[in-house]
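Participant: 3D, please:
(4 chains)
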Protein chains: 2
Amino acid sequence: MEHKMISIADQVFERLEMDILSGVYERDEILTESRLSEQLGVSRTPIREAVRRLDQEHLVDLTSKGIRVVGISRQDIADISEIRLRLEGLAARWAAERATEEDIRTLREIVELQEFYTAKSDADSIKNQDSRFHQTIYALCGSNAMRDTLEPLHRKLLKYRRVSVSAKSRAQQSLAEHRAICEAIAAHDGAEAERLTIEHVKNARESILNRQVL
Amino acid sequence: MEHKMISIADQVFERLEMDILSGVYERDEILTESRLSEQLGVSRTPIREAVRRLDQEHLVDLTSKGIRVVGISRQDIADISEIRLRLEGLAARWAAERATEEDIRTLREIVELQEFYTAKSDADSIKNQDSRFHQTIYALCGSNAMRDTLEPLHRKLLKYRRVSVSAKSRAQQSLAEHRAICEAIAAHDGAEAERLTIEHVKNARESILNRQVL
DNA sequence: CCGGGTATAATTGTATACATTCATCCTGAC
DNA sequence: GTCAGGATGAATGTATACAATTATACCCGG
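Facilitator: You can find the predicted model right below:
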């Protein structure tokens, strides 16, 4: 396994994305490249690159006065869930149809790790495995378009709902749902994988919308 | 109407995107920032910005050897159509529910322009109005997430299928479908708008996949 | 003839200097 | 007092210089 180089720009992007989604910066706050540059201790170049990526995802809005923080609203979360409801099932179906033995091993390993961290109530690690689980499905469903579409949507939700997965009952339910989806994919049962995934997204949506205060 | 500043980086992005989608650069061709810089007569900075945006949409792949052209495949077109089939209808439904009189006037104006250019068989202008039509629906459907999801997908298809809209029969059919969708939205008939849009996407998919040689 | 290792060249990644645009504030005329 | 208009500052947009990484070609030894 080769370690892909993580540039400063990538790190700045992740940092800023997390800070925006987790509320370090509030909506409509104005940032500037220069201030971010000195705050983070890097030049404007990687800052600009990160900010442009945030702009492309509409997490910020670039104006002549500076970088306006946008973030995502409760309505955005509802909309994203609605979109996922219509796509994730198909992605899981495709994944079930195309998964190799290697892919299935990877998925099972992720679920096992998730089980481990769920037992330890390690919310951050649970979140990471959840992320890996879905991203793995996006990757092995064989469609670049599907991956490019779902990946950013899922990222936005996930980072936003650290609160959600901290609840033990939801964590356990999520684990059970992942396990079931994983086994449906392992059995190459596309229809079942699709059904289970839609159910999973529905539950995740309720869990997020109910708990989030905003 | 304020004209938004179009930076050099934006122009480079549009140029490169078009060149990639229309086949000026072939798949797996390696570009470099320096060469593009001198070819297009601007410094590396705006080139980099444009290339990063292309990378985020996976139209290119950044390697240590340079910028590898990826573009989109026939499979990508099929996948994108599949995704649009599941989302565009919902977007149209939302648009029908939320459209103001102003929005409806805008849509009708676009359809009229499309009719004008269809009569003149001006393929490029038809394509532009088609683009405006769908983007307007994405904008007035009231969901940032939906807009951000559908807009890039539609752009990729549209630029790729100039061939498709050159066929007079398809151009006329598309016009009729747009008009029907527009009237359903004007009547705030969400269900009908959704049904018509799904039909429209199906027809567009066939038109593209049948004609495209690749 | 083949393989490895080193030097070289070419590329991306980052920093900085400069240009340009835009908002803001002050000033002065009416 | 109010509004116009220009000066000023601060922000983004662009160009260029520099650093670091990586591919490649060449040479030498086997």
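Participant: From here on, just use CA atoms for contacts and neighbour counts.
Facilitator: Fine.
Participant: Show me where chain A has its strands.
Facilitator: A:30-31, A:60-63, A:66-69 (DSSP state E).
Participant: does any part of the last one sit near DNA strand D?
Facilitator: Yes - Strand A:66-69 lies in contact with DNA strand D when judged by CA under 7 Å from any atom of the strand; the contacting residues are A:66-67.
Participant: By mean pLDDT, flag the weakest helix or strand of chain A.
Facilitator: helix A:162-166 (a mean of 64; mean pLDDT, DSSP states H and E).
Participant: A:L62 contacts A:R53, correct?
Facilitator: No - applying CA atoms under 8 Å as the test, A:L62 and A:R53 come out as separate, 11.2 Å apart.
Participant: before we move on, back to that, need the strands of chain A in a markdown table with distance to B:E109 and mean neighbour count, can you?
Facilitator: Shown next, in a markdown table, are these (distance: least, CA to CA, whole Å; neighbours: other CA atoms under 10 Å in any protein chain shown):
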| stretch | distance to B:E109 | mean neighbour count |
| --- | --- | --- |
| strand A:30-31 | 37 | 16 |
| strand A:60-63 | 29 | 18 |
| strand A:66-69 | 33 | 19 |
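Participant: Could you export these to CSV, including columns for mean pLDDT and distance to DNA strand C?
Facilitator: What follows is the strands of chain A, written out as CSV (pLDDT from 0 to 100; distance: least, CA to the nearest atom of the strand, whole Å):
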stretch, mean pLDDT, distance to DNA strand C
strand A:30-31, 97, 11
strand A:60-63, 96, 8
strand A:66-69, 97, 9
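Participant: Distance-wise, check the residue positioned nearest the centre of chain A relative to DNA strand D.
Facilitator: Nearest to the geometric centre of chain A sits A:R155, at 2.3 Å (CA atoms, centre = their mean). Separation of A:R155 from DNA strand D (CA to the nearest atom of the strand, to the nearest Å): 25 Å.
Participant: now A:E101
Facilitator: On the measure of CA to the nearest atom of the strand, A:E101 and DNA strand D end up 29 Å apart.
Participant: Tell me how far that residue lies from A:L40.
Facilitator: Separation of A:E101 from A:L40 (CA to CA, to the nearest Å): 44 Å.
Participant: list the contacts for A:Q75?
Facilitator: A:Q75 is in contact with B:S143, counting by CA atoms under 8 Å, 6 or more residues apart in numbering or on different chains.
Participant: before we move on, what about A:T197?
Facilitator: A:88-89, A:92, A:177, A:181.
Participant: Top of those residues by number of neighbours, please.
Facilitator: Among those, A:A92 has the most neighbours (other CA atoms under 10 Å in any protein chain shown), with 31 neighbours.
Participant: circling back: with pLDDT and distance to chain B as added columns, please give the contacts of A:T197 in TSV.
Facilitator: What follows is the contacts of A:T197, written out as TSV (pLDDT from 0 to 100; distance: CA to the nearest CA, whole Å):
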residue	pLDDT	distance to chain B
A:E88	97	10
A:G89	96	11
A:A92	97	13
A:E177	96	24
A:I181	97	21
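Participant: Narrow these to those in helices?
Facilitator: Residues of the contacts of A:T197 located in helices (DSSP state H): A:88-89, A:92, A:177, A:181.
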